[in-house]
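1. coords please:
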Amino acid sequence: MRHVLTSLCAVGGALAARPFLNEPDTGFDDVFGSLPAGELPPLDQLVGLPDFDAAARRHLPIQNYTYYRNGAAAEWSYRNNLEVFNRYSLRPRTMVDIVDIESSLPTTILGHNFSAPFFISPCARGGYGNNDAEKGLIEGAANGNILYIPAIYASLTIEEISTFKKEEQVVFQQLYLDSNDTASEALFARAEASGAKALVFTIDSAANGNRHRAARYGVGSADASYTKITWDFYDHIRTLTSLPIILKGIQTVEDAKIAVERQVPAIYLSNHGGRQIDGARSPLDVAIEIQREAPEVFSQIEVYADGGVRYGADVVKLLATGVRAVGLGRPFMYANVYGTAGVERAIELLKNEIAIDAANAGIADLKKIDPSVVDWTPNWASS
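-> Sure thing, here's the model as predicted:
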């Protein structure tokens, strides 16, 4: 036991001493470091999602950037969301015909067709990144044919966002709910009138988030009250609307199994971007736990996940667990600094990365991906 504890302490010490890179050193500063303060790099010269973070950090007022960037407490969960993907290595197969991989990108989410297995997660206050607020997010999603889930605390109202929808565009609506049935029914009615095809009920925010970085700049949580959220409450609110209600914030295999028992239409693995409680596991960790302990969940219910996704290989690893579609929040908020064109560019880059990373891993068809493409033994030295 002593030797085990000594080893664990050594690993912990190494992780604590290792500097954290919010964005990778891929030459961004070398190329754009001489730009005048606040000036955005040319959009067509951004080569990956982390570039949008770097551009937004240099462009936005610190308070605005901090609202998107902040995490809970010492931000270990925020950091872990980003780094966890490096603990699990791909197992590339060779001599596989992968030339049609792009044709397998399209997927369905609750029966609705989309061009790729990722979507724009609900994030509040689009106006902190762009004067047009959520306009770029919904237009970019439409042009890229991916799902957008507007946040209830968006800068624009449900009705204002809906005015930018394209004909036949599918959106879901994120909500916070409490025991006020009158208020809940009013929100449901507004969402349905706006054309939302499903509701996304955030359940991982029962109390205020412990956000130190945000508190310094006065940009803390928009949802600051204690809220009673139970399975019985969920059963009750389902009687108030005809729309399917997805549960966002599932963080254990136990709750995933209960969701199946309760006939929830879909669950969404999330730790709120590491913004609520520091020390919460990453959604990838939760997906791995479900795959190991109750893999049948993935065939019984649609499972989505977000948290720290920045690369095509991150999406591939989540899909390999059984997750159906992957959400991204902060990267699209940063991309929205450029407006619609920025969101479109981010979608284009991620689609390409998913396809080429899957191909290089020897995956011929994303719809037939399985856990064997990843070594699920964590390699702590690589994170």
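2. From now on I want contacts and neighbour counts done on CA atoms only, so please keep to that.
-> Fine.
3. Strands along the stretch 251-383 of the chain, start to end?
-> 266-269, 302-306, 325-328, 374-375 (DSSP state E, counting those that start in this stretch).
4. I misspoke; the intended subject was the stretch 101-250 of the chain.
-> So, for the stretch 101-250 of the chain - with DSSP E, counting those that start in this stretch - the strands run 107-109, 112-114, 118-120, 147-148, 173-175, 199-202, 245-250.
5. now the ones you listed in CSV, with distance to residue 43, mean pLDDT and mean neighbour count?
-> Output for those, formatted as CSV (distance: least, C-alpha to C-alpha, whole Å; pLDDT from 0 to 100; neighbours: other C-alpha atoms under 10 Å):
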stretch, distance to residue 43, mean pLDDT, mean neighbour count
strand 107-109, 28, 98, 17
strand 112-114, 25, 98, 16
strand 118-120, 19, 99, 26
strand 147-148, 21, 98, 25
strand 173-175, 29, 98, 24
strand 199-202, 32, 98, 22
strand 245-250, 32, 98, 24
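6. Residue 60 is nearest to which of those strands?
-> strand 118-120 (20.7 Å; C-alpha to C-alpha).
7. Relative to residue 154, which of the strands of the stretch 101-250 of the chain is closest?
-> From those, taking C-alpha to C-alpha, the stretch that ends up closest is strand 173-175, at 9.8 Å.
8. Now do the contacts for residue 313.
-> 353-354, 357-358 (C-alpha atoms under 8 Å, 6 or more residues apart in numbering).
9. Looking at neighbours, which among those is most surrounded?
-> residue 358 (26 neighbours; other C-alpha atoms under 10 Å).
10. Quick check, residue 194 in contact with residue 158.
-> Yes - if you go by C-alpha atoms under 8 Å, residue 194 and residue 158 touch, sitting 6.9 Å apart.
11. re the thing from before, want to try a markdown table for the strands of the stretch 251-383 of the chain, with mean pLDDT and distance to residue 43 as columns?
-> Shown next, in a markdown table, are the strands of the stretch 251-383 of the chain (pLDDT from 0 to 100; distance: least, C-alpha to C-alpha, whole Å):
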| stretch | mean pLDDT | distance to residue 43 |
| --- | --- | --- |
| strand 266-269 | 98 | 31 |
| strand 302-306 | 98 | 25 |
| strand 325-328 | 98 | 19 |
| strand 374-375 | 98 | 33 |
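12. which residue ranges form the helices in the stretch 101-250 of the chain?
-> Under the criterion DSSP state H, counting those that start in this stretch, the stretch 101-250 of the chain contains helices at 135-144, 158-162, 181-193, 212-216, 231-237.
13. what's in contact with the last one?
-> If you take C-alpha under 8 Å, 6+ apart as the criterion, helix 231-237 is touched by 179, 181, 184.
14. low-confidence ranges in this structure?
-> 1-18, 222-224, 382-383 (pLDDT under 70).
15. hmm, 90 instead?
-> 1-23, 37, 205-210, 220-227, 379-383 (pLDDT under 90).
16. Longest helix in it, please.
-> helix 340-360 (DSSP state H).
17. What helices and strands are in contact with it?
-> Identification of packing neighbours for helix 340-360 by 3 or more C-alpha pairs under 8 Å, 6 or more residues apart in numbering; DSSP states H and E yields helix 49-59, helix 135-144, helix 312-321, helix 330-335.
18. between that helix and helix 49-59, how many degrees?
-> Relative orientation of helix 340-360 versus helix 49-59 (axes from the mean of the first three to the mean of the last three C-alpha atoms, to 10 degrees): 150 degrees.
19. Can you check what angle separates helix 340-360 from helix 135-144?
-> Going by the same axes, to 10 degrees, helix 340-360 makes 50 degrees with helix 135-144.
20. Only the buried residues of helix 340-360, if you could.
-> 340-347, 349-351, 353-360 (16 or more other C-alpha atoms under 10 Å).
21. cool, and stretch 220-240?
-> Of the residues in stretch 220-240, those buried (16+ other C-alpha under 10 Å) are 220-221, 227, 229, 234, 237.
22. Among those, which one lies nearest to residue 202?
-> When the buried residues of stretch 220-240 are compared against residue 202 (criterion: C-alpha to C-alpha), the nearest one is residue 229, at 9.8 Å.
23. was I right about that closest one contacting residue 202?
-> No - contact criterion C-alpha under 8 Å: residue 229 and residue 202 do not qualify, at 9.8 Å.
24. Show me which pair in the contacts of residue 313 is furthest apart.
-> It's 353 and 358 that sit farthest apart of the contacts of residue 313, by C-alpha to C-alpha, at 8.2 Å.
25. quick one on the thing from earlier: I'd like to know which of the contacts of helix 231-237 are buried.
-> residue 184.
26. Now render the contacts of helix 231-237 as a markdown table, adding distance to residue 123.
-> Shown next, in a markdown table, are the contacts of helix 231-237 (distance: C-alpha to C-alpha, whole Å):
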| residue | distance to residue 123 |
| --- | --- |
| 179 | 23 |
| 181 | 24 |
| 184 | 20 |
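27. For residue 139, list the residues it contacts.
-> Contacts of residue 139 by C-alpha under 8 Å, 6+ apart are 164-166, 340.
28. is it true that residue 84 touches residue 284?
-> Yes - Residue 84 lies in contact with residue 284 (C-alpha under 8 Å); the separation is 7.5 Å.
29. can you list residues touching both of these two?
-> Counting by C-alpha under 8 Å, 6+ apart, nothing touches both residue 84 and residue 284.
30. thinking again about what came up before, give me the angle between the longest helix of the chain and helix 312-321.
-> Going by the same axes, to 10 degrees, helix 340-360 makes 60 degrees with helix 312-321.
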